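Q: predicted model follows, preceded by the sequence.
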Amino acid sequence: MVIPRLAETPELNNALLVGSAVLLSLLAIWFVLVTSSFLIHQGLRASGIQTLASMSEGLYKRGRLLAALLSAPLVIAGMGLLGYAVWRGADLQPWFDRALLEITSALLMALGRGVGLAVLMVIGFYALQRSGRRLVARVERTLVERPLPEAQRVHVEKLLPLLPSVVNLALAYTLVRLALSAMELPEALEWLISTTLYILLLVTGARALVFLLDFLSERMVTSWEEKSRGTRLEEYYVALRRLLPVGQKSLEAITYISVATLIVHEFQALEPFAPYGPLLIRIVSMFFAASVLVELSRVMVARLLASFTSSAEDVQRRRQTFVSLLQSIIKYVIYFCVCMMVLSDLGVDPTPILAGAGIVGLTVGLGSQAIVQDLLNGIFLLFEDQILNGDYIRIGETEGLVEEITPRVTRIRDRYGRLHIMRNGEIKNVINYSRGWTLAVVEMSVAYESDLRQALRVINEASSRLPELLPGKAIETPKVMGIEAIDDSCLRVRIETKVAPGCHYEVKRMLHLLLVESFNANNLEIPYPKSVELSPPEPASQGEKAAA
């Protein structure tokens, strides 16, 4: 094929040929760079990832800048070629004819086919995108109009912006795969384009799938909890509700690990890391299953021991103490077994580790006799029923409410809110105020100037009102035992009363209030420290001395 002459004179013909060649080259450069950067920009924006979206803006601008930078050298080269032809007086028509002969019809057909497929791909993409957009809009409208709880609506609001991106990337990836197989592009370029779209589709689809799984799991557990309300399964579904955040994080980790494994398969250099994906998924699944077993075992142990208990308060507290202890033991056993299974999956034989742990444990036990003593004493404290959770006890100078008993330490909260943590080996003598009745002892001071018999009568009358004011806490009517001590400034009268476990401080406070009110009502003095100040006599005047 020969290019017809565009002008009569060689100079004008050269100018038209060079100008046409430069113009076609500029159009090709701008079409390829701007179109490719635009498609990459749209693909990265469709992924919904903020970092990639911001990076795509810069990439789109750089594509246009690169086209502009390549245009300048091309124009300069065309001007140089035209100047060279004018200087030498050469005719460039034969050069263009020979260059055109190098372009075969097969190449032109392949180029035309590629351009046509690209145009058809873009038209098909936008046509299918409209259908996908209508489908996504219908799904969004259905989800928005449906009344959902706040926790579920949060996941829906995160999912809806990603649905159009997933649909667009899925359509683009399908059309590009079909077009690339027909275009017969170089294998490296075909792999680059398809892999880029594949990775974007996987990442975007994974994010959408995570939000969808969060929504479905939240909805499923909520429906189960509502259906099980008032039934025997209610406690189990409450435990599953507590595990919902852990389950959602586990599903998220499994999803992203699966996506990473699929991406690794696309790169031959990373192929050795591919087997670690299923292994990580198995480890995450085992730990989540262990968490479920721990929660279910907590409920089962609590319900099993509840069926063998009575309504007595001390029996209930004994049950709570052993329930917490058994739950801790079961939790440690389950997680220990899971760790051994994980080591086995990682290719580590746990048998030498268990044997070594036994030897190390024996060595530590012989060297740490205090720890062994704490553990043994803690076991005896529990099984001999010396103290339980909720008991009010006194150990040495420490007095307060037992919050928790573990095999090694006991935690006691005193009246001032301070938490005392005592080693079980240090507990030698326990005074337990929560086993049976205890005595609340009050000493009332009576002034020497008061009528003693009236004071005793007033104390008896005030004390007799105590059981009515504190029923169930003051077991008996307080007894006035008589004068307990004769002090320098007052007489001390002792009052004793039997009180329910853990109520002695409350009973003493009420009895103090009654005594003070009764003394004030009967004009009896409550003694307090007094002091007498003696002033020296004033000196006599001269007249007084003379008179004397």
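A: Yes, it's here.
Q: can you list the low-confidence ranges for the stretch 101-250 of the chain?
A: Scanning the stretch 101-250 of the chain for pLDDT under 70 picks out the ranges 101-133, 135-136, 139, 143-145, 175, 179-186, 189, 230.
Q: which residues does Ile421 bridge with?
A: With DSSP bridges as the criterion, Ile421 is bridged to Arg411.
Q: that one: how many residues sit nearby?
A: Using other Cβ atoms under 10 Å, Ile421 has 11 neighbouring residues. To be clear about C-beta, it is placed using only N, CA and C from the backbone, and glycine gets the same treatment.
Q: same check on Val22?
A: Val22 sits with 19 neighbouring residues when counted by other Cβ under 10 Å.
Q: average pLDDT for the helix or strand containing it?
A: Using DSSP states H and E, Val22 sits in helix 10-46. Averaging pLDDT along helix 10-46 gives 71.
Q: could you list the buried residues of stretch 492-499?
A: Within stretch 492-499, the residues that count as buried by 16 or more other Cβ atoms under 10 Å are 493, 495, 497-499.
Q: tell me the confidence at Val516?
A: pLDDT, Val516: 90.
Q: tell me who's in contact with it.
A: Contact analysis of Val516 by Cβ atoms under 8 Å, 6 or more residues apart in numbering lists Ile526.
Q: considering the buried residues of stretch 492-499, which is situated nearest to Asp214?
A: Val499 (54.3 Å; Cβ to Cβ).
Q: quick one: that closest one and Ser434 touch, right?
A: No. Between Val499 and Ser434 there is no contact, the gap being 11.5 Å when judged by Cβ atoms under 8 Å.
Q: any idea how far Lys508 is from Ser463?
A: Per Cβ to Cβ, to the nearest Å, Ser463 is found 12 Å from Lys508.
Q: more neighbours, those two?
A: More neighbours surround Ser463 than the other of Ser463 and Lys508, with 23 against 16 (other Cβ under 10 Å).
Q: quick check, central residue of this protein?
A: Closest to where the C-alpha atoms of the chain average out (Cα atoms, centre = their mean) is Pro245, at 6.9 Å.
Q: name the residues of stretch 497-513 that come out as buried.
A: 497-504, 507-508, 510-511.
Q: pLDDT check: weakest of the residues you listed?
A: The lowest pLDDT within the buried residues of stretch 497-513 belongs to Gly502, with 71.
Q: go ahead and confirm it touches Tyr392.
A: Yes. Look at Gly502 against Tyr392 with Cβ under 8 Å: they come within range, at 4.6 Å.
Q: shared neighbours of those two, anything?
A: Both Gly502 and Tyr392 are contacted by 433-434, under the criterion Cβ under 8 Å, 6+ apart.
Q: how far away is Glu506 from Leu513?
A: Glu506 sits 11 Å away from Leu513, going by Cβ to Cβ.
Q: how about Val221?
A: Taking Cβ to Cβ, one finds Val221 at 52 Å from Leu513.
Q: residue contacts, the closest residue to Asp91 other than its chain neighbours?
A: Excluding its sequence neighbours, the residue lying closest to Asp91 (Cβ to Cβ, 6 or more residues apart in numbering) is Pro10, at 4.4 Å. The contact partners of Pro10, by Cβ under 8 Å, 6+ apart, come to 89-91, 93.
Q: looking at these, which are in helices?
A: Gln93 (DSSP state H).
Q: would JSON lines of the contacts of Pro10 with neighbour count and pLDDT be doable?
A: What follows is those, written out as JSON lines (neighbours: other Cβ atoms under 10 Å; pLDDT from 0 to 100):
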{"residue": "Gly89", "neighbour count": "8", "pLDDT": "73"}
{"residue": "Ala90", "neighbour count": "13", "pLDDT": "75"}
{"residue": "Asp91", "neighbour count": "16", "pLDDT": "73"}
{"residue": "Gln93", "neighbour count": "17", "pLDDT": "71"}
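Q: quick check: the farthest pair among the contacts of Pro10?
A: Going by Cβ to Cβ, the pair spanning the contacts of Pro10 furthest: Gly89 and Gln93, at 13.3 Å.
Q: what about Leu212, helix or strand, and which?
A: helix 187-227.
Q: run the chain-centre distance for that helix.
A: Distance, stretch centre to chain centre, for helix 187-227: 21 Å (Cα atoms, centre = their mean, to the nearest Å).
Q: packing partners of it?
A: Judged by 3 or more Cβ pairs under 8 Å, 6 or more residues apart in numbering; DSSP states H and E, helix 187-227 is in contact with helix 10-46, helix 150-159, helix 163-183, helix 234-264.
Q: report the angle between that helix and helix 234-264.
A: 180 degrees (axes from the mean of the first three to the mean of the last three Cα atoms, to 10 degrees).
Q: okay, now Leu419: neighbour count?
A: Residues lying near Leu419 (other Cβ under 10 Å) number 11.
Q: ok, it - contacts?
A: Leu419 neighbours (Cβ under 8 Å, 6+ apart): 403, 411-413.
Q: which among the residues you listed count as buried?
A: Among the contacts of Leu419, those that count as buried by neighbour count (16+ other Cβ under 10 Å) are 411-412.
Q: and the contacts of Leu419, which is the shakiest by pLDDT?
A: On pLDDT alone, Glu403 ranks lowest of these, at 84.
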